[in-house]
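> I would like to see how this sequence folds:
(one chain, ligands or ions: 1)
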Amino acid sequence: MSRKTPGDLRSARWFAPDDLRSFGHRSRMMQLGYSEQDFRDKPVIGVLNTWSELNTCHSHFRERVQDVKRGVAQAGGFAVEMPSLSVDESFTKPTSMLYRNMLAMETEEMIRSHPLDGVVLMGGCDKTTPGLVMGALSAGVPMIYLPAGPMLRGNYAGKYLGSGSDAWKYWDERRAGAISDAEWQGIQGGIARSAGTCMTMGTASTMTAIADAMGLTLPGASSIPAVDANHQRMSADCGRRIVEMVWEDLTPDQIVTAAAVRNAAIVAMATGCSTNAVVHLIAMARRAGVPLTLDDLDALGRVTPLIANVRPAGSTYLMEDFYYAGGLRALMKQLEDRLDGTALTVTGKTMSENLQGAQVYNDDVIRPLSNPVYHEGSLAVLRGNLCPDGAVIKPAACDPRFHVHQGPALVFDSYPEMKAAIDDETLDVTPDHVLVLRNAGPQGGPGFPEWGMLPIPKALIKQGHRDMLRLSDARMSGTSYGACVLHVAPESWIGGPLALLKTGDIVRLDLPNRRLDMLVDEAELAQRRAAWVAPAPRFERGYGYMFSRHVTQADQGCDFDFLQSDFGRSAGEPDIY
Ligand code: FES
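Modelled structure (predicted):
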């Protein structure tokens with residue numbers, strides 16, 4: 001491997017020439033109190049930090065960035081912290097997904113327009129992983145991903161609590177009148193009790209595992225709990241390693257290859273991944289020029305057993321248990337025969353080399369392939385006259401009696417309409433009904449909100465029912481569960497077939513055959529299609545205006561069309577005059 005010299009550094013364009021512009025750049029670094037020997041002829045490392053006081057999952061990043069900088073300095077680099085859009089999952093409305101692409105754009109442009117030779121990407125809360133990685137892939141400088149790590153297990157009254165999953169579960173119990181105010185308060189105070197990302201195998205843990213399996217993190221980094229001292233050491237290691245990656249010119253296009261994407265998809269399936277993985281993985285892969293499709297993911301899902309016994313797909317354990325059981329390296333070791341071990345990683349070594357010595361320490365948490373949690377992978381892709389461009393479902397997280405099911409649709413056009421109905425105890429609904437929410441897709445939501453785990457009607461909750469078939473063009477939280485068909489494409493807002501469905505129509509799900517249909521004849525559907533009227537635009541100005549004109553559908557990854565790797569020439573390096 002040829003090594004760069006100081007004169008080859010990208011930052012040398014800003015700092016090395018003997019001209020007025022470079023004089024300005026050097027003098028401005030000196031304004032910060034640095035001497036030339038601090039930054040001249042050294043890899044300049046941007047530490048892209050998604051810290052914010054409203055991103056509770058990243059509350060430790062203000063300290064961790066110091067660990068990264070320590071590592072960079074020790075390895076002979078020069079680190080600069082750059083605040084990045086902190087797309088937090090809890091507070092960003094209507095949905096953080098509206099802003100994933102904004103983070104990706106910001107990341108790409110901040111890297112391109114500044115004197116950075118390499119970057120450490122600090123993220124973890126759901127959209128921050130794909131947003132940062134998508135932008136950095138397009139920018140193309142050496143990068144290493146530093147995952148925030150999961151928070152500690154939740155705890156209340158001696159019981160473990162899982163992020164999201166137990167919120168939904170106990171909310172249903174509260175709606176059924178089975179939980180007191182004091183218990184509800186206790187759960188509220190115990191379900192998120194340290195820095196770090198949601199500690200179920202939700203979207204955050206799924207996406208950091210995907211980054212890890214793609215080779216973009218230090219091996220196994222995604223499993224380290226946020227508040228473990230190992231997380232600090234890993235952060236410093238990221239700093240040390242990125243400097244070497246710059247000298248080695250180890251760019252992300254050498255890492256995120258078709259083999260790495262396939263490895264990541266297999267690992268995602270084996271972890272019991274969030275349904276959101278489908279959207280983000282497609283978007284990330286396509287930024288790297290790998291044309292991943294829903295059908296590719298379904299094919300891998302059919303042959304990859306789910307072996308991480310972590311909630312919500314698993315029964316008991318949480319991410320802290322997963323780490324103690326050996327973490328992602330141990331899980332990948334179980335899958336090693338199915339992975340492409342030659343894939344290069346940020347360590348400069350192959351995936352197989354990184355897995356040497358990995359062991360499972362608790363085979364109930366990380367199961368052998370011979371004793372999986374579920375015989376297939378986490379996700380299944382459906383097609384049919386309701387979703388010609390696909391829909392997804394998480395078979396392991398729903399009651400098996402719904403795997404083949406048909407029933408009358410109960411259709412709602414908006415969340416408020418649905419909420420009013422499900423809270424009405426006189427609602428005419430049976431456990432066989434199929435609850436449907438539309439206008440909740442990428443454009444309709446707007447922004448593709450996580451509304452897809454539609455609440456069970458109160459009338460059914462009181463009868464003891466906790467699951468029913470639900471259908472929408474929304475996403476759902478990775479911590480959710482139940483018989484929820486999601487990501488119906490094309491979405492109803494733009495006239496997809498879901499827009500034609502009426503209350504009382506029979507909907508049929510046939511999961512083994514991957515079918516989702518409405519049993520309505522084509523002549524009737526043609527009449528409804530001719531009568532359909534497109535809704536008025538959601539946005540008349542601002543970011544939302546751009547979003548709704550350029551976001552692609554769920555099966556395409558919801559990237560902006562103009563950010564995809566096959567859209568026009570790269571912007572290239574900026575002029576410096
Ligand atoms: Fe940040 Fe769940 S809210 S990871």
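> which parts of stretch 389-408 are buried?
Using 16 or more other C-beta atoms under 10 Å as the test for burial, stretch 389-408 gives 389-398, 402-403, 405, 407. Quick note: C-beta positions are derived from backbone N, CA and C, even for glycine.
> Can I get those residues in CSV including distance to the ligand, secondary structure and pLDDT?
Output for the buried residues of stretch 389-408, formatted as CSV (distance: C-beta to the nearest ligand atom, whole Å; DSSP: H, G, I helix; E, B strand; the rest coil; pLDDT from 0 to 100):
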residue, distance to the ligand, secondary structure, pLDDT
D389, 28, coil, 98
G390, 25, coil, 97
A391, 24, strand, 97
V392, 20, strand, 96
I393, 21, strand, 94
K394, 17, coil, 89
P395, 23, helix, 87
A396, 20, helix, 81
A397, 17, helix, 77
C398, 21, coil, 82
F402, 26, helix, 94
H403, 28, coil, 94
H405, 30, strand, 97
G407, 32, strand, 97
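> any weak-confidence spans in the stretch 351-500 of the chain?
Scanning the stretch 351-500 of the chain for pLDDT under 70 picks out nothing.
> just the buried residues of stretch 389-408 now: which is nearest R338?
A396 (18.4 Å; C-beta to C-beta).
> The closest one and A313 touch, don't they?
Yes: if you go by C-beta atoms under 8 Å, A396 and A313 touch, sitting 4.5 Å apart.
> Now list whatever residues contact both of these two.
G272, L306, V373, Y374, S378 (C-beta atoms under 8 Å, 6 or more residues apart in numbering).
> and the gap between the last one and I266?
In this structure, S378 and I266 are separated by 11 Å, where distance is defined by C-beta to C-beta, to the nearest Å.
> Compare neighbour counts for these two and give me the winner.
Per other C-beta atoms under 10 Å, whichever of S378 and I266 has more neighbours is S378, with 30 against 21.
> Report the separation between the more buried one and the ligand.
Going from S378 to the ligand by C-beta to the nearest ligand atom, to the nearest Å gives 18 Å.
> Quick check: beta-bridge partners of F78?
V44 (DSSP bridges).
> need the strands for the stretch 451-577 of the chain, in chain order.
470-472, 484-485, 506-510, 515-518 (DSSP state E, counting those that start in this stretch).
> As JSON lines, those with mean neighbour count and distance to V243 would be great.
Output for these, formatted as JSON lines (neighbours: other C-beta atoms under 10 Å; distance: least, C-beta to C-beta, whole Å):
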{"stretch": "strand 470-472", "mean neighbour count": "29", "distance to V243": "46"}
{"stretch": "strand 484-485", "mean neighbour count": "28", "distance to V243": "45"}
{"stretch": "strand 506-510", "mean neighbour count": "20", "distance to V243": "52"}
{"stretch": "strand 515-518", "mean neighbour count": "20", "distance to V243": "50"}
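> show me what contacts the residue lying closest to D8 once chain neighbours are set aside?
Of all residues not flanking D8 in the chain, D249 sits nearest, at 8.0 Å (C-beta to C-beta, 6 or more residues apart in numbering). Shown in contact with D249 (C-beta under 8 Å, 6+ apart): M1, S2, R3, K4, D8, P142.
> The fourth one belongs to a strand?
Okay, so that is K4. No: assignment of K4 by DSSP: H, G, I helix; E, B strand; the rest coil gives coil, placing it outside any strand.
> ok, it touching W247?
Yes: between K4 and W247 a contact is recorded at 5.3 Å, counting by C-beta under 8 Å.
> Name the residue in the two with the higher neighbour count.
More crowded of K4 and W247, by other C-beta under 10 Å: W247, with 22 against 16.
> Check the average confidence over the host helix or strand of the more buried one, would you?
Per DSSP states H and E, W247 falls inside helix 229-248. Average pLDDT, helix 229-248: 98.
> what does that helix contact?
Contacts to helix 229-248, defined as C-beta under 8 Å, 6+ apart, come from residues 1, 3-4, 9, 43, 45, 47, 60, 63-65, 67-77, 79, 117-120, 142-144, 146, 149, 218, 221, 224-225, 346-348.
> Quick one: residues contacting the spatially closest residue to E450 that is not a sequence neighbour.
Closest residue in space to E450, ignoring its immediate chain neighbours: S477 at 4.6 Å, by C-beta to C-beta, 6+ apart. Residues counted as contacts of S477 (C-beta under 8 Å, 6+ apart) are G164, G202, T203, S274, E450, M453.
> Between those, which sits nearest the ligand?
G202 (5.9 Å; C-beta to the nearest ligand atom).
> Once you drop chain neighbours, what's closest to that closest one?
Here the residue nearest G202, using C-beta to C-beta, 6+ apart, is G478, at 3.4 Å.
> can you put the shared contacts of A396 and A313 in a markdown table and add secondary structure?
Shown next, in a markdown table, are those (three-state DSSP):
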| residue | secondary structure |
| --- | --- |
| G272 | coil |
| L306 | strand |
| V373 | coil |
| Y374 | strand |
| S378 | coil |
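> and those residues, which two are the farthest apart?
V373 and S378 (9.7 Å).
> hey, what's in contact with both of the two?
G272, L306, A313, A396.
> and the residue nearest to A265 when sequence neighbours are not counted, how many neighbours?
Closest residue in space to A265, ignoring its immediate chain neighbours: L300 at 5.1 Å, by C-beta to C-beta, 6+ apart. L300 has 19 neighbouring residues, counting by other C-beta under 10 Å.
> Name all residues that make contact with L469.
Contacts of L469 (C-beta under 8 Å, 6+ apart): F402, H405, G407, H433, V434, L435, A483, V485, V507, L509.
> Next one: it from the ligand, what distance?
For L469 relative to the ligand (C-beta to the nearest ligand atom), the value is 26 Å.
> Could you look up the SS state of G76?
Three-state call for G76 (three-state DSSP): coil.
> What about it, how many residues nearby?
Counted with other C-beta under 10 Å, residues neighbouring G76 total 13.
> One more: D172?
The tally of other residues near D172 (other C-beta under 10 Å) stands at 17.
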